[in-house]
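S.K.: Sequence and predicted structure below; questions after.
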Amino acid sequence: IYEMARLMGYKAGLLSTVCNYVEDEVIPTNQTTPDPLTINALLHRMVEAGCDYASMEVSSHAAHQHRIAGLHFAGGVFSNLTRDHLDYHKTVEAYLAAKKSFFDGLPSTAFALTNIDDKVGEVMVQNTKARKYTYSLRSRADFTGRIIESRLDGTTMSFNGRDVEVLFTGKFNAYNLTAVYGVSILLGWPLEEVLVGMSRLVPVAGRFQAFHSPKGYTAIVDYAHTPDAVVNVLQAIREVIGNRGSIITVVGAGGNRDKGKRPIMAREAALRSDRLILTSDNPRFEEPGDILRDMEEGLDIEGRKKSLSIVDRREAIRAAAAFAQPGDVILIAGKGHEDYQEIKGVKHHFDDREVVKEVFACES
């Protein structure tokens with residue numbers, strides 16, 4: 001939405017997991033949604049810079065802790081609800097309630113755009129005062145997206161019946177793009193310009209970011225760090241390559257976070273991969289070996305046969321590359337845009353994308 005606003009000729013700012021922006025100015029972040037003082041300071045800088053729009057990723061933590069109190073939103077989008085942050089919220093119900101509180105707080109002058117393909121899409125906006133709109137890939141909705149053809153380097157989609165070539169791959173990206181299309185129309189931007197803008201949007205760093213090896217395989221770096229996200233990315237890859245290549249997945253789980261998702265992530269990854277390598281993510285203050293053993297608990301006999309555990313993430317990526325054959329796809333999941341590994345309270349420089357490029361350089 002931030003990029004689309006700029007393509008429409010407006011000045012814009014962004015608060016997000018990956019980075020904060022005031023127009024072109026990059027402001028690093030370590031939180032999806034900052035504390036109230038930081039939020040308002042950044043919004044003030046956007047006003048001073050002449051920004052017309054600000055896009056904000058509102059986390060469930062931020063909604064629950066009232067970090068966004070006093071802000072007046074022109075609109076809000078609900079994308080989906082999957083298992084995440086249960087180390088904080090404890091239950092899925094509490095997680096849902098935190099997200100829903102954002103929509104409950106929207107004024108009647110705002111819009112609430114919800115994904116009705118998600119099982120709680122309608123629940124999320126049932127008590128909002130905002131004007132309700134829907135988007136979908138499967139059902140009748142105010143804004144519909146359809147996937148016509150998928151490739152690893154993009155997709156042919158239609159938005160409310162208008163065909164557009166986009167630079168994104170996967171159903172999860174198709175949902176996000178349909179939401180962007182809906183928001184753009186609700187903000188009153190011209191339809192033809194919006195459609196052109198959709199074709200010019202580029203993927204966020206570390207989100208289904210593809211690198212093509214000199215050996216003929218593809219490595220994809222993605223931020224997927226929940227069971228549902230891993231499933232979505234692997235399904236997107238399989239939909240594109242079919243049976244023409246194997247999928248090798250490299251994935252870990254963060255330390256000092258929801259332990260219950262670890263075996264689930266490993267199981268779902270094993271089910272959808274031809275080979276699985278379990279490795280470190282951000283172990284934080286836990287022992288990496290303990291995290292891997294938690295993940296291994298989710299593997300059945302068949303899953304264990306196709307899996308191995310390598311604590312060193314760099315070595316895990318190198319091992320995946322050694323296994324890969326022309327036409328194969330390696331998914332390196334969990335860290336995406338992050339350029340560090342957090343170990344025992346210290347952030348060490350580590351970037352999956354850099355490691356992939358190092359491996360490719362040795363193959364040339």
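M.R.: Good, I have the coordinates.

S.K.: Beta-bridge partners for the closest residue to residue 146 other than its chain neighbours, please?
M.R.: Distances taken as CB to CB, 6 or more residues apart in numbering place residue 158 nearest to residue 146, at 4.6 Å, with adjacent residues excluded. Every C-beta, even on glycine, is put in place using the N, C-alpha and C of the backbone. Note on residue 158: beta-bridge partners by DSSP bridges are residue 146, residue 163.

S.K.: Count the neighbours of residue 158 for me.
M.R.: As a burial measure, residue 158 scores 14 neighbours (other CB atoms under 10 Å).

S.K.: same check, this time on the one 5 residues further on
M.R.: Residue 163 is surrounded by 11 other residues when neighbours are defined as other CB under 10 Å.

S.K.: so who does it touch?
M.R.: If you count contacts by CB atoms under 8 Å, 6 or more residues apart in numbering, residue 163 has them with 148, 156-157.

S.K.: Using JSON lines, please lay out the residues you listed together with distance to residue 335.
M.R.: JSON lines is the format used below for the contacts of residue 163 (distance: CB to CB, whole Å):
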{"residue": "148", "distance to residue 335": "32"}
{"residue": "156", "distance to residue 335": "30"}
{"residue": "157", "distance to residue 335": "28"}
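
S.K.: which among the residues you listed end up buried?
M.R.: For these, a burial check counting by 16 or more other CB atoms under 10 Å picks out residue 157.

S.K.: Show me the protein divided up by domain.
M.R.: Using automatic domain parsing, the domain ranges for the chain come out as 2-200, 209-363.

S.K.: export these to CSV and tack on mean pLDDT?
M.R.: What follows is the domains of the chain, written out as CSV (pLDDT from 0 to 100):
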stretch, mean pLDDT
domain 2-200, 93
domain 209-363, 95
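
S.K.: And the helices in the stretch 1-150 of the chain, which stretches?
M.R.: With DSSP state H, counting those that start in this stretch as the criterion, the stretch 1-150 of the chain has helices at 2-7, 36-48, 60-64, 86-89, 92-104, 121-124.

S.K.: For the third one, name the packing helices and strands.
M.R.: With contacts defined as 3 or more CB pairs under 8 Å, 6 or more residues apart in numbering; DSSP states H and E, helix 60-64 has these neighbours: helix 86-89, helix 92-104.

S.K.: helices and strands around the longest one, which ones?
M.R.: Counting contacts by 3+ CB pairs under 8 Å, 6+ apart, helix 92-104 is packed against helix 60-64, strand 75-78, helix 86-89, helix 121-124.

S.K.: and residue 139, which of those is closest to it?
M.R.: When the helices and strands packed on helix 92-104 are compared by CB to CB, helix 121-124 sits nearest residue 139, at 9.8 Å.

S.K.: Which secondary structure elements does that closest one sit against?
M.R.: Packed next to helix 121-124, using 3+ CB pairs under 8 Å, 6+ apart, are helix 92-104, strand 111-115.

S.K.: Need the winner for burial among the helices and strands packed on helix 60-64.
M.R.: Of all those, helix 92-104 carries the top mean neighbour count, a mean of 18, counting by mean count of other CB atoms under 10 Å.

S.K.: next one: that helix to chain centre, how far?
M.R.: Relative to its parent chain, helix 92-104 has a centroid offset of 19 Å by CA atoms, centre = their mean, to the nearest Å.

S.K.: what about residue 356, how many neighbours?
M.R.: Counted with other CB under 10 Å, residue 356 comes out at 22.

S.K.: for residue 336, that is, sorry about that
M.R.: For residue 336, the count of nearby residues is 22 (other CB under 10 Å).

S.K.: that older thread, distance to residue 226 for the helices of the stretch 1-150 of the chain - can I get that in JSON lines?
M.R.: Converted to JSON lines, the helices of the stretch 1-150 of the chain look like this (distance: least, CB to CB, whole Å):
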{"stretch": "helix 2-7", "distance to residue 226": "23"}
{"stretch": "helix 36-48", "distance to residue 226": "25"}
{"stretch": "helix 60-64", "distance to residue 226": "13"}
{"stretch": "helix 86-89", "distance to residue 226": "10"}
{"stretch": "helix 92-104", "distance to residue 226": "12"}
{"stretch": "helix 121-124", "distance to residue 226": "18"}
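
S.K.: quick one: which of those helices is nearest residue 169?
M.R.: helix 2-7 (17.4 Å).

S.K.: contacting residues for residue 72?
M.R.: For residue 72, the contacting residues are residue 107, by CB under 8 Å, 6+ apart.

S.K.: Can you give me the distance of residue 164 to residue 134?
M.R.: 20 Å (CB to CB, to the nearest Å).

S.K.: Among the helices and strands packed on helix 121-124, which comes closest to residue 293?
M.R.: With CB to CB as the yardstick, what comes closest out of those is helix 92-104 (25.1 Å).
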